[in-house]
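**Student:** just a sequence and a predicted model for now, questions to come.
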2 protein chains.
Amino acid sequence: MATIKDVAERAGVAPSTVSYVLSGSRKISDETRRAVRAAVEELGYHPRASARSLRSARTRVLALAVPRVSGKSRGADGTFAIDISDAARGHGHDEVLITDLDGVAGMRRVAGSGMADAAVLMAVEEEDPRIAALRELEFPAALLAGSESDPGMPWVDLDWEAAVALALRETAAAGHRRIVFLSSADHEIDSRRGYALHGLRGARLAAAETTAELRTVPSSGDPEELGRRLREVLSVRPAPTALVVQHLILLPHLLDEITALGLRVPEDLALVLVGSIPDDLGGRRLPRIELPVAEMSAAVVRLAIGAIGADTSDTAGEHPPHRLISPRMATGCVIGPPSEPSS
Amino acid sequence: MATIKDVAERAGVAPSTVSYVLSGSRKISDETRRAVRAAVEELGYHPRASARSLRSARTRVLALAVPRVSGKSRGADGTFAIDISDAARGHGHDEVLITDLDGVAGMRRVAGSGMADAAVLMAVEEEDPRIAALRELEFPAALLAGSESDPGMPWVDLDWEAAVALALRETAAAGHRRIVFLSSADHEIDSRRGYALHGLRGARLAAAETTAELRTVPSSGDPEELGRRLREVLSVRPAPTALVVQHLILLPHLLDEITALGLRVPEDLALVLVGSIPDDLGGRRLPRIELPVAEMSAAVVRLAIGAIGADTSDTAGEHPPHRLISPRMATGCVIGPPSEPSS
DNA sequence: TCGATTCGTCGAATCGATTCGATTCAACGT
DNA sequence: ACGTTGAATCGAATCGATTCGACGAATCGA
């Protein structure tokens, strides 16, 4: 493979001159510049990443720590991984995947060997041990999930409170008077995941401002248990006419249960999803609050790259940037009115 | 961050000695070795990846080229990305994601800057331009998909022919006499995707060896069209009792259509999936031929790493290794018998 | 015509780890 | 007593790009 020396020889200049032409950090005569450019072209020269980052102490690589805890589907994680990579490329960076089962070990490896300039952490739990490790290593990072308990770390998250509130508000506005909110699962609430807690808060918010009857039921990681709760809540009379769902992992199973109850969607029961990606739907058009994956990815990459310059020294004074992404209804889907007018 | 020089100073030896202790490539006395080990521990020393790979011309990184064509769901891609990363770690390698919309440009970038030692290409089409680029760049690679038209490239794929044949054979063995095989979509067949063609061949194979009535219908990327074809094929009388599906992207939509026809699964219609990952199912237990993601990932990583040493010179003689993964039924699910005995 | 300034380019040091001789020192044989 | 062998360690070159100080030539003003 061609090196900068080869290019220099071919152009009849010194290697440093080639470097200046490429970086533009010093003025070079038109004539020389043309000669160098031609040599670069002819040899198909590409600077070697390892040499460049050895010298500059910058790799132009972002590390993405993928969650390995069971729970959220890996499908959404993959979607994020791809969109984050795209966003990183937009800033001239590449992305390595950190999939170590021991997340802390993975962080130590990346930070220690200097393979990346910063990390993006997905699906952060409160009190995530990786965050402590990152802080100890003084490694720049941004989180893809809100984290109240960890000030000093930049993060991005969907405004789950607003998202759930919006979904409920829109459902009520469509004319539904008896609405069920199927929130995050028990175990997610128990482990104090931000999206779970904020979703519940959004439901309370919406309940306070509507005259519709609103019942909140936690979901479950166990399909059987989820089915039981669903049957119970839908058997109340008069029956609810709308179901707003935040816990989408078991969505297909949910649809099976609804079908088994003899209910059609959306004729008998309106179904509204909160925070879904198109992949979840498999070609169906259900009304939903989108999870703006591209927007969140772009934001978290910006924060991670922004954290590279800022050292711990000046972090003391300023508080790091956070970003709550506003929810939107997906375009092209409307919530239908209840079948029996109730006003 | 600590360098090898710091470690050497602290241990009272030369940097080269530290290197020899760490690599074990020369004999070092117990005493010195202990001193060096202690210094490494105390300073938390980690060799810098950029320096190491500049010198050794090895990055210990694999590039994963993620497909950006619409079609196959990104969910499965994400699952593969994670499992491939795990497999790579098992061989001491990390994984960068190449998500460039222009796949060839991405390959050129990685190969040119030497950020990775080899590439893994997902979802390869026949006549994939990336393969030509890789060959021209003499960059080691392995493909995650069979490729008859590209000898000279190692690849791994599920044996789709055997998978479809197995699914049909098992369905017939469960007592079904009228079976519909919903194959890959038109556009996949037209673009000569390996899994599509082999799946069809598997259906022909199974048809030749069974007495059951077997009808093959291509799927469609368009939900409406898919619905039309499904209604048509299920309205034949006497009605088919089993549906074997290879095209899983629109599975939820498919289930909706079946429900809309007033059919229950599996009571009225047995449903068997070919090449699915657990994520596809959302908690449901449907009989299916698994897509052995972990096994395929491990195999493709082995091939990619194996291709690193082997240069084009000796590739001329030997043909590169291929690996067809044998299909298996997922455990814990059985195909039910048809409701009206037909024998 | 001579010093000062500017412009364009070069040479050498640097980043951190690896690796190939070279060197030191002890033990050994004659 | 002296050369020989071998074990353990050191020193220096190397990988490829970046960057700072220096240097020669051209240009300017006086």
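**Tutor:** Alright, I've got the coordinates.
**Student:** now chain A against chain B: closest residue?
**Tutor:** Closest residue of chain A to chain B, Cβ to the nearest Cβ: A:Gly78 (1.1 Å). Any C-beta I mention is one placed from the backbone N, CA and C, and that applies to glycine too.
**Student:** so that residue makes contact with B:Ser85?
**Tutor:** No - counting by Cβ atoms under 8 Å, A:Gly78 does not reach B:Ser85; the two are 11.3 Å apart.
**Student:** how much space between the residue of chain A closest to chain B and DNA strand D?
**Tutor:** According to Cβ to the nearest atom of the strand, to the nearest Å, A:Gly78 and DNA strand D sit 33 Å apart.
**Student:** tally of neighbours for that residue?
**Tutor:** Residues lying near A:Gly78 (other Cβ atoms under 10 Å in any protein chain shown) number 24.
**Student:** domains of chain A?
**Tutor:** Per automatic domain parsing, the domain ranges recorded for chain A read A:4-47, A:61-158+A:294-325, A:160-290.
**Student:** mind checking the end-to-end distance for the longest one?
**Tutor:** This means domain A:160-290. Start-to-end span of domain A:160-290 (Cα to Cα, to the nearest Å) is 11 Å.
**Student:** and for the shortest one?
**Tutor:** With Cα to Cα applied, domain A:4-47 spans 7 Å between its terminal residues.
**Student:** wait, what's in contact with the residue lying closest to A:Val66 once chain neighbours are set aside?
**Tutor:** Counting by Cβ to Cβ, 6 or more residues apart in numbering or on different chains, A:Val66 lies nearest to A:Thr99, which is 5.1 Å off, once chain neighbours are set aside. Contacts for A:Thr99 were tallied using Cβ atoms under 8 Å, 6 or more residues apart in numbering or on different chains; they are A:66, A:68, A:106, B:82, B:85-86, B:89, B:95.
**Student:** quick one on the thing from earlier: can you put the domains of chain A in JSON lines and add distance to A:Leu54 and mean pLDDT?
**Tutor:** Output for these, formatted as JSON lines (distance: least, Cβ to Cβ, whole Å; pLDDT from 0 to 100):
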{"stretch": "domain A:4-47", "distance to A:Leu54": "12", "mean pLDDT": "96"}
{"stretch": "domain A:61-158+A:294-325", "distance to A:Leu54": "9", "mean pLDDT": "87"}
{"stretch": "domain A:160-290", "distance to A:Leu54": "39", "mean pLDDT": "91"}
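**Student:** which one of these lies nearest to A:Ile335?
**Tutor:** Across the domains of chain A, the minimum distance to A:Ile335, taken as Cβ to Cβ, is reached by domain A:160-290, at 4.1 Å.
**Student:** burial check on A:Gly44, number of neighbours?
**Tutor:** Using other Cβ under 10 Å, A:Gly44 is surrounded by 11 other residues.
**Student:** and it, how far from A:Ser147?
**Tutor:** Distance of A:Gly44 to A:Ser147, given as Cβ to Cβ, to the nearest Å: 45 Å.
**Student:** sorry, back to before: so the residue of chain A closest to chain B, which state does it fall into?
**Tutor:** helix (DSSP: H, G, I helix; E, B strand; the rest coil).
**Student:** could you find the closest non-adjacent residue to it?
**Tutor:** Ranked by Cβ to Cβ, 6+ apart and with sequence neighbours excluded, the top spatial neighbour of A:Gly78 is B:Gly78, at 1.1 Å.
**Student:** tell me which stretches of the stretch 151-300 of chain A form helices.
**Tutor:** For the stretch 151-300 of chain A, the helices defined by DSSP state H, counting those that start in this stretch occupy A:160-173, A:186-190, A:194-209, A:223-234, A:251-260, A:293-309.
**Student:** adding mean neighbour count and distance to B:Ala208, write these out as JSON lines.
**Tutor:** Listed next are the helices of the stretch 151-300 of chain A as JSON lines, based on neighbours: other Cβ atoms under 10 Å in any protein chain shown; distance: least, Cβ to Cβ, whole Å:
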{"stretch": "helix A:160-173", "mean neighbour count": "23", "distance to B:Ala208": "53"}
{"stretch": "helix A:186-190", "mean neighbour count": "16", "distance to B:Ala208": "50"}
{"stretch": "helix A:194-209", "mean neighbour count": "20", "distance to B:Ala208": "53"}
{"stretch": "helix A:223-234", "mean neighbour count": "16", "distance to B:Ala208": "39"}
{"stretch": "helix A:251-260", "mean neighbour count": "20", "distance to B:Ala208": "35"}
{"stretch": "helix A:293-309", "mean neighbour count": "21", "distance to B:Ala208": "46"}
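**Student:** save the domains of chain A as CSV, and put in distance to B:Ala57 too.
**Tutor:** Output for the domains of chain A, formatted as CSV (distance: least, Cβ to Cβ, whole Å):
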stretch, distance to B:Ala57
domain A:4-47, 15
domain A:61-158+A:294-325, 17
domain A:160-290, 40
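**Student:** tabulate the ones you listed (CSV), appending distance to DNA strand C.
**Tutor:** Below are the domains of chain A laid out as CSV (distance: least, Cβ to the nearest atom of the strand, whole Å):
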stretch, distance to DNA strand C
domain A:4-47, 3
domain A:61-158+A:294-325, 8
domain A:160-290, 38
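**Student:** next up, the contacts around whatever residue of the stretch 51-200 of chain A ends up closest to DNA strand D.
**Tutor:** Here the stretch 51-200 of chain A gets closest to DNA strand D at one residue, A:Ala51, 3.5 Å apart by Cβ to the nearest atom of the strand. Contacts for A:Ala51 (Cβ under 8 Å, 6+ apart) come out as B:50, B:54.
**Student:** tell me the secondary structure of it, please.
**Tutor:** Under the three-state scheme (three-state DSSP), A:Ala51 adopts helix.
**Student:** any idea how far it lies from A:Ala116?
**Tutor:** According to Cβ to Cβ, A:Ala51 and A:Ala116 sit 17 Å apart.
**Student:** likewise for A:Ala208?
**Tutor:** A:Ala208 sits 45 Å away from A:Ala116, going by Cβ to Cβ.
**Student:** ok, back up a step: tell me the one of the contacts of A:Thr99 nearest A:Ser16?
**Tutor:** Taking Cβ to Cβ as the measure, A:Ser16 lies nearest B:Glu95 of the contacts of A:Thr99, at 34.9 Å.
**Student:** let me know the secondary structure of the closest one.
**Tutor:** Applying three-state DSSP: B:Glu95 is strand.
**Student:** give me the nearest residue to it, chain neighbours excluded.
**Tutor:** Computed as Cβ to Cβ, 6+ apart, the closest residue to B:Glu95 that is not its neighbour in sequence is B:Ser85, at 4.3 Å.
**Student:** who's in contact with that neighbour?
**Tutor:** A:66, A:97, A:99, B:64, B:94-95.
**Student:** change it to 6 Å
**Tutor:** Residues near B:Ser85 by Cβ atoms under 6 Å, 6 or more residues apart in numbering or on different chains: A:97, A:99, B:95.
**Student:** pretty sure A:Glu41 sits in a strand.
**Tutor:** No - counting by three-state DSSP, one finds A:Glu41 to be helix, located in no strand.
**Student:** to what extent is it buried, counted in neighbours?
**Tutor:** Counted with other Cβ under 10 Å, residues neighbouring A:Glu41 total 10.
**Student:** now A:Arg34: how far from A:Met153?
**Tutor:** To A:Met153, A:Arg34 is 48 Å away according to Cβ to Cβ.
**Student:** higher neighbour count, these two?
**Tutor:** The neighbour count for A:Arg34 versus A:Met153, taken as other Cβ under 10 Å, is higher for A:Met153 (22 against 13).
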